[in-house]
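Trainee: Please work out how this folds:
(one chain, ligands or ions: 1)
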Amino acid sequence: MTVRTRFAPSPTGYLHVGGARTALYSWLHARNRGGKFILRIEDTDRERSTEASVQAIMDGMRWLGLDYDEGPFYQTRRFDRYGEVVRQLLDEGKAYRCYCTRERLDGLREQQMANKQKPRYDGHCRELENGDASRPHVVRFRNPTSGAVEFRDLIKGSIRVSNDELDDLIIARTDGTPTYNFTVVVDDMDMGVTQVIRGDDHVNNTPRQINLFRALGKEPPHFAHVPMILGDDGKRLSKRHGAVSVMQYRDDGYLPEALLNYLVRLGWSHGDQEVFSRDEMIELFDLQQVNRAPSAFNTDKLLWLNHHYIKTLPAAKVAHHLQWHLEKAGIDTATGPDIEPVISALAERCKTLRELAEGARYFYQDFDSFDEKAAKKQLRPVAAEPLAKVRENLAAIEDWHAETLHAKVAATAEQLELGMGKVGMPLRVAVTGSGQSPDLGITLELIGKARSLQRIDQALSYIEARAAG
Ligand code: GLU
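Mentor: Numbers count the residues shown, from 1 in each chain. All right, here's what the predicted structure looks like:
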């Protein structure tokens, strides 16, 4: 049997990391088994669902590379189908019309609460003749009254719920609209879903859904309820803990590879391996190895992974994602060196793409002020002679490459009988504007000859002006 999994978000906000992890596990399970992954938009709550949210969820999935084979299906476009199944259940006597008024139900609830009983529908209309469709009514599912629902959750193990805990679920409201637990079952049935992988906030719905499947003459799919994600304080992960939206991580400078790798490990492990390429995840992922216990989100580990991928992914791939950040930072790479060697030069010192974009700025944009602390320390009158000398020596170079440049700076220091730092540091501040940069030879090579010389001149003027006080 072909594996078919689905991700079924309610479009009431952005794609958050919890939803993304559920989507990832569903996607991985399908890919691991050569199955199909379906996207279904559960938009029946018309007040809270928005088109912008559908877009945000799809943007998040695209950015993470979670491609789907079928869909997106929208529940609001399937009302005819839900109506058809409601009628089928009514015709077969598996559902019934309930005419109980709000007042009656409220009274019943109060009475049950007063008696310290669990509030539940008492089956008042269960045995009525089904006749009158013209009076206002809801439709209720005739839940079995005896026995129990038992299933083996692929993550949580055996779960058993007695039927006398479950009352007769409303499947269609007075206005005819179908309810959540019902639409999910009809969809999972029609779409041939074989494994329902979802957050464990839905585990209480599952016994009701299983009863519905059976009433419809279908074997229910397998279920895998994924434990929730906690913040560092042990409480359910929320905005209080920092970014929870997938696209916020993109904005903050994370690579999709890093977030995916982080999310797959959050609640799943394969020995003590931490780094997984996309192909490895697909090959090794196994629902049975997903933790039963909730996992805590650890931003430091995500940052570590991000840095790992910045350093190890092909620079062209990093460049693809960096482009967005460069544009946002107002940096036009047409005005300077190729971005790929700049990435290679900066990767060691930048943990996010945002830092990388900022770090790349001086390769593309001239500046007219220096980092204050660095200038105060390095661009002093004593630096004028070494800077002037190194400018003269660099100006003579035809072959503008890192090793030659490096050798020339060293030779200048020797010529002046100074330590390398006495030449190199002022030079670094002159050409980058700050006290930190990658290897000086590489930095000079990438900045280019004309620009480097012009920036040394600028630093010399600065020193002169400073001396003149
Ligand atoms: N639409 C539900 C949610 O966003 C998911 C339902 C399901 O996966 O069965 O929480």
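Trainee: How about the residue nearest in space to the middle of the chain: what's its closest non-neighbour residue?
Mentor: Nearest to the mean C-alpha position of the chain, by C-alpha atoms, centre = their mean, lies Val246 at 3.3 Å. Computed as C-beta to C-beta, 6 or more residues apart in numbering, the closest residue to Val246 that is not its neighbour in sequence is Gly60, at 4.0 Å. Heads up, the C-betas are built off the backbone N, CA and C, glycines and all.
Trainee: What helix or strand is that neighbour located in?
Mentor: helix 51-64 (DSSP states H and E).
Trainee: Using PDB, list the CA coordinates for that helix.
Mentor: As requested, the backbone C-alpha atoms of helix 51-64 are provided in PDB (Å, rounded to 0.1, in the frame of the first residue of the first chain):
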ATOM      1  CA  GLU A  51      -5.800  34.100   2.600                       C
ATOM      2  CA  ALA A  52      -2.700  35.900   4.000                       C
ATOM      3  CA  SER A  53      -2.100  33.100   6.400                       C
ATOM      4  CA  VAL A  54      -2.500  30.400   3.700                       C
ATOM      5  CA  GLN A  55       0.200  32.400   1.800                       C
ATOM      6  CA  ALA A  56       2.400  32.600   4.900                       C
ATOM      7  CA  ILE A  57       2.200  28.900   5.500                       C
ATOM      8  CA  MET A  58       3.000  28.100   1.900                       C
ATOM      9  CA  ASP A  59       5.900  30.500   1.900                       C
ATOM     10  CA  GLY A  60       7.300  28.800   5.000                       C
ATOM     11  CA  MET A  61       7.000  25.400   3.400                       C
ATOM     12  CA  ARG A  62       8.600  26.500   0.200                       C
ATOM     13  CA  TRP A  63      11.500  28.100   2.000                       C
ATOM     14  CA  LEU A  64      12.000  24.900   4.000                       C
END
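Trainee: So what touches it?
Mentor: 7, 9, 11-15, 19-20, 23-24, 39, 41, 43, 67-68, 72, 245-247, 250, 256, 259-260 (C-beta atoms under 8 Å, 6 or more residues apart in numbering).
Trainee: among those residues, which are within reach of the ligand?
Mentor: Filtering the contacts of helix 51-64 for proximity to the ligand by C-beta under 6 Å from any ligand atom leaves Pro9.
Trainee: From the contacts of helix 51-64, list just the buried residues.
Mentor: 7, 9, 11, 13-15, 19-20, 23-24, 39, 41, 43, 68, 72, 245-247, 250, 256, 259-260 (16 or more other C-beta atoms under 10 Å).
Trainee: Narrow those to those in helices?
Mentor: Counting by DSSP state H, the part of those found in helices is Gly19, Ala20, Ala23, Leu24, Val246, Met247, Arg250, Pro256, Leu259, Leu260.
Trainee: Relative to the ligand, which of the residues you listed is nearest.
Mentor: For these, the residue nearest the ligand by C-beta to the nearest ligand atom is Gly19; the value is 6.9 Å.
Trainee: Do I have it right that the closest one meets Pro9?
Mentor: Yes: using C-beta atoms under 8 Å, Gly19 is in contact with Pro9, at 5.8 Å.
Trainee: Looking at the ones in helices among the buried ones among the contacts of helix 51-64, which is nearest Asp168?
Mentor: Gly19 (30.8 Å; C-beta to C-beta).
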